[in-house]
Structure formats: C-alpha cells, structure tokens
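Novice: Model the following, please.
(one chain, ligands or ions: 1)
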Amino acid sequence: MAASCASTLPSLSFVSSSSSNSPRRFRRSRVVAMASVGQKVYAPGVAVSEGNGGLPKIDLKSPHGSEAEIYLFGACVTSFKVPNGKNLLFVRPDAVFNGQKPISSGGIPHCFPQFGPGPMQQHGFARNVNWSIADSEVTEGDPAVTLELKDDSYSRSMWDFSFQALYKVSLHSTSLSTTLKITNMDDKPFSFNSALHTYFRASIAGVSVKGLKGCKTLNKDPDPKNPLEGKEEREGVTFPGFVDCIYLGAPSQLILDNGLGDKIAISNSSWSDAVLWNPHQQMEACYKDFVCVENAKIETVQLEPKQSWVAEQKIELV
Ligand SMILES: O=P(O)(O)OC[C@H]1O[C@H](O)[C@H](O)[C@@H](O)[C@@H]1O
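Specialist: The predicted model follows:
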C-alpha cells in the first residue's frame, strides 16, 4: 500500500491551510513547499540533491539496491541502476547541463507536445523547461516521485494552450515505471504528439530489438520530412548503420538485447508507436555505446477540455 511523505516540517502558512478532507492536495502542498525551502523531507527513498551543472535532481533509492536520478530540468531520468550496479540508461558525452539547452542527449528525455519535425522546435518544449515536484510516495519500500509541468508564457509562445502534465517515476528492484498524464486545462480542444526518447546503454554491434515484425514503418532516413512507408519484416532489428525509423502500431512489449549481456523488456500502455534511432557515424564518439528505443505517440492525440491522456512505460531487466 502506498504511503505518502509525512515528515516534520517548518510551519508554512499555506501548508496548514490545506483542507483535511483533501489528502492529495495536502500532500502536494507540503512537498512543493519543502522543495521551495530546499529541505529533504520527501518520502523514504526520495531525496533532492545538486546534480551536474548545479541543477537540482531527484535521487530515488529502493531498499532492493536499485537507484534512479531525475533532473527537474526537462523531467529527464538520466540514470537507472539495477541492484548489481549496472546503469541501463546512457547519457551522451556531449550532454549539456546548463539549464538552457535540453539534457536531450541522454536518459529519458520528453518529446512533447511535438515529436517533430514540425512547426515547433524539434521534440517540443517539455524537455527544456523546469518541472516542479508535485508529490512523492513509497509503496512497499519502492519510492516514486511525480513531477508537474503547466503552461506559461514560454510554452504559450509556441503552443497557445493551457495544459497540465504529470509525470510519475516509480522505482522497483529491477524495473523503472513512468506514467505521463496530459490534461487539457483549456476551454478549447488541443492536439499533440509525444515520445519518451529513451537512450539505452548498449554495444551497438550486438543490439537487437524484437517485437516489431509486421509493423508499418515510416523510415526517416534519408529525409525526416518525407518518411518512406514500409513494413518491418525482421524478427529482430539490428543496427549495422544509421537508423531513424518510426513504427506505427507497435506492440505493448519490445525486447531489447543491449549487446552487453542484458535483455530488457520495454512495456507500455497507450504509447501506441515506437521509434528506433542510432546516429552511427554522425556521432562517431559515442554511437557504439547506445541505442534509442522510444515509446511514442506519433499519431495525433486530441483532447477536449478537461480530458486527459495517460501513457505508461516500464523498463525491466529480464
Ligand atoms: O538530437 P535530438 O533533437 O534529441 O533528436 C535525435 C533524434 O531523435 C529521434 O529519434 C528522431 O527520430 C530523429 O530524427 C532525431 O534525430
């Protein structure tokens, strides 16, 4: 059963004004307040620390020995270590941690509200803005944190809608789950597409991704703006060269062999599509060390006012 954070706190007026018949609201107020005064009073296994470039990050630690790190900037999960210490995720050596550019070069960056290419900046704005901590909790020892993003003048300059994004990251012994919930807070409908652009540590020559046979493909190589339609015929997709391909109607589970001796199940609900990407010689310094297997929603989601869309991803060492 889940227990929310309930630590001792300095008295903050808006905390005590929370309604007792609204436990979720109360819980969220406390956590946000704690974040604002820089105190580590989150649920057990959840802490805030200073990461690269002085950027705040959340550290999740489970009693089973697994660990994860999430930067508030871009709500980017940059590390997921299983109990044997192996980090299943990869951050490119050119990743920038300056709070200006997206930490898009590694971990699990968001693509929202546009996957791209499109009218907005590539992959949208969610990956290059600060999210806030909305909640933290522990379930049978496993910690989780929920981050929140809302529209502001920056987002509205590109996408003129009121929205709320809630992103829950839950750590378990050999898996990491994420739940993204997008809600239309506007009084008019909006549409978007999205992806979790996950970078997996890998040895590219030994990588294969299984589960995509039979899917319709949109190959972005050579021209991302005019993808070539096709159908995947292979049981296991390998990466002998540059790969940038969308798979429409992907299954709810893919199996990644990372070429390092690990099999990783990448499961999802509602992320109906997938993207495989490896830049090959375009990134000579690091392309051999990672592969991107992205759960995506390429086909547009339309939300009416007050409607929400929820999508889950689970990465599990099997
Ligand atoms: O470098 P980024 O903006 O993060 O994008 C890296 C890549 O992401 C996706 O996988 C797209 O399909 C590619 O077309 C793009 O090049």
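
Novice: Regarding the residue lying closest to Ile182 once chain neighbours are set aside, what is its secondary structure?
Specialist: Computed as C-beta to C-beta, 6 or more residues apart in numbering, the closest residue to Ile182 that is not its neighbour in sequence is Trp309, at 4.9 Å. (Each C-beta comes from the backbone N, C-alpha and C, glycine too.) Three-state call for Trp309 (DSSP: H, G, I helix; E, B strand; the rest coil): strand.

Novice: Renumber starting at 21 from here on
Specialist: In the new numbering, first residue 21, that becomes Trp329.

Novice: nearest spatial neighbour of the residue in the chain positioned nearest to the ligand, skipping sequence neighbours?
Specialist: Nearest residue of the chain to the ligand: Trp297, at 3.3 Å (C-beta to the nearest ligand atom). Once flanking residues are discounted, Trp297 sits nearest to Cys312: 4.1 Å by C-beta to C-beta, 6+ apart.

Novice: What strand or helix carries the one you found?
Specialist: Cys312 belongs to strand 310-323 when assigned by DSSP states H and E.

Novice: What pairs with that strand, parallel or antiparallel?
Specialist: Strand pairing for strand 310-323, determined by DSSP bridges: strand 210-216 (antiparallel), strand 219-221 (antiparallel), strand 293-298 (antiparallel).

Novice: What pLDDT is listed against the residue of the chain closest to the ligand?
Specialist: pLDDT, Trp297: 98.

Novice: circling back to that earlier point, can you redo the strands paired with strand 310-323 as JSON lines with mean neighbour count and distance to Ala95?
Specialist: Converted to JSON lines, these look like this (neighbours: other C-beta atoms under 10 Å; distance: least, C-beta to C-beta, whole Å):
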{"stretch": "strand 210-216", "mean neighbour count": "22", "distance to Ala95": "10"}
{"stretch": "strand 219-221", "mean neighbour count": "24", "distance to Ala95": "15"}
{"stretch": "strand 293-298", "mean neighbour count": "22", "distance to Ala95": "19"}
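
Novice: Export those to CSV and append columns for distance to Glu249.
Specialist: Listed next are the strands paired with strand 310-323 as CSV, based on distance: least, C-beta to C-beta, whole Å:
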stretch, distance to Glu249
strand 210-216, 18
strand 219-221, 27
strand 293-298, 14
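
Novice: mind checking which of these is nearest Lys106?
Specialist: Nearest to Lys106, of all the strands paired with strand 310-323, is strand 219-221, at 7.9 Å by C-beta to C-beta.
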